[in-house]
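Asker: sequence first, then the predicted structure, then my questions.
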Amino acid sequence: MTAHAFVDETKTPGLLLVAAVLAPRDLAPARSMMQALRLPGQTRLHFVKERPSRRQEIAAAVCRTGAALDIYDATGIRDQRAGREACLRKLVADLSVAGAHRLVIEQDDSLIERDQVVLYDAVRRADVAGSLTYEHLPARSEPLLWIADAAAWCWTHGSAWRSRVGPVVRDVRRL
């Protein structure tokens, strides 16, 4: 199966990385669904800035996108840089097994250079240099990153919120 993964993270209460994995046939409908949730004047959805009722609406939409959520939990690793590296390496290994084609990570300019070093190495170790591409994009330019953003927030804000995205969580990997 060819898949595309869209990744965001939260750093509270420790590093948690969420990958929203979608099949190619689900990309366009999921993008349209997420874009339709924007309010007038919004360039993107950012879950932390939404009202609770909007959060419920967005979480429900996440479950209808066709995305499978893989959660990489590095909250047990004190050094967030080391935790992020461990998450990215495991993510690439998992995506290689799944036959994924594309990895998109929400852009954080302070992390790109180190991420690229880690991803370059991980892709080669997994022997997918010719088949798995990766890039960092700003959240405003890729609505599918909003799925990972919403899921990461929900996962870290208690069982009631966690249960809202739970139906589409495929796996939780503790690192």
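Answerer: Done, it's in. Numbering: from 1, shown residues only.

Asker: now A68. Its backbone dihedrals?
Answerer: Backbone dihedrals for A68, given as degrees, to the nearest 10, come out at phi -110, psi 130.

Asker: check contacts around it.
Answerer: Applying CB atoms under 8 Å, 6 or more residues apart in numbering to A68 gives the contacts 20-22, 168-170. To be clear about C-beta, it is placed using only N, CA and C from the backbone, and glycine gets the same treatment.

Asker: and of the residues you listed, the nearest to L91?
Answerer: V21 (9.9 Å; CB to CB).

Asker: low-scoring pLDDT stretches of the protein, where are they?
Answerer: By pLDDT under 70, the weakly predicted segments of the chain are 1.

Asker: kindly recompute the last result at 90.
Answerer: 1-2, 12-14 (pLDDT under 90).

Asker: starting at the chain centroid, how far to the longest helix along the chain?
Answerer: Longest helix in the chain by number of residues (criterion: DSSP state H): helix 80-98. Centroid separation between helix 80-98 and its chain, computed with CA atoms, centre = their mean, to the nearest Å, is 12 Å.

Asker: ranges for the strands of the protein?
Answerer: 4-10, 16-22, 68-73, 102-106, 133-137, 169-174 (DSSP state E).

Asker: tell me the helices and strands packed up against the longest helix of the chain.
Answerer: strand 4-10, strand 16-22, strand 68-73, strand 102-106, helix 112-125 (3 or more CB pairs under 8 Å, 6 or more residues apart in numbering; DSSP states H and E).

Asker: hang on, the earlier thing: may I ask which of the contacts of A68 has the most neighbours?
Answerer: A20 (29 neighbours; other CB atoms under 10 Å).
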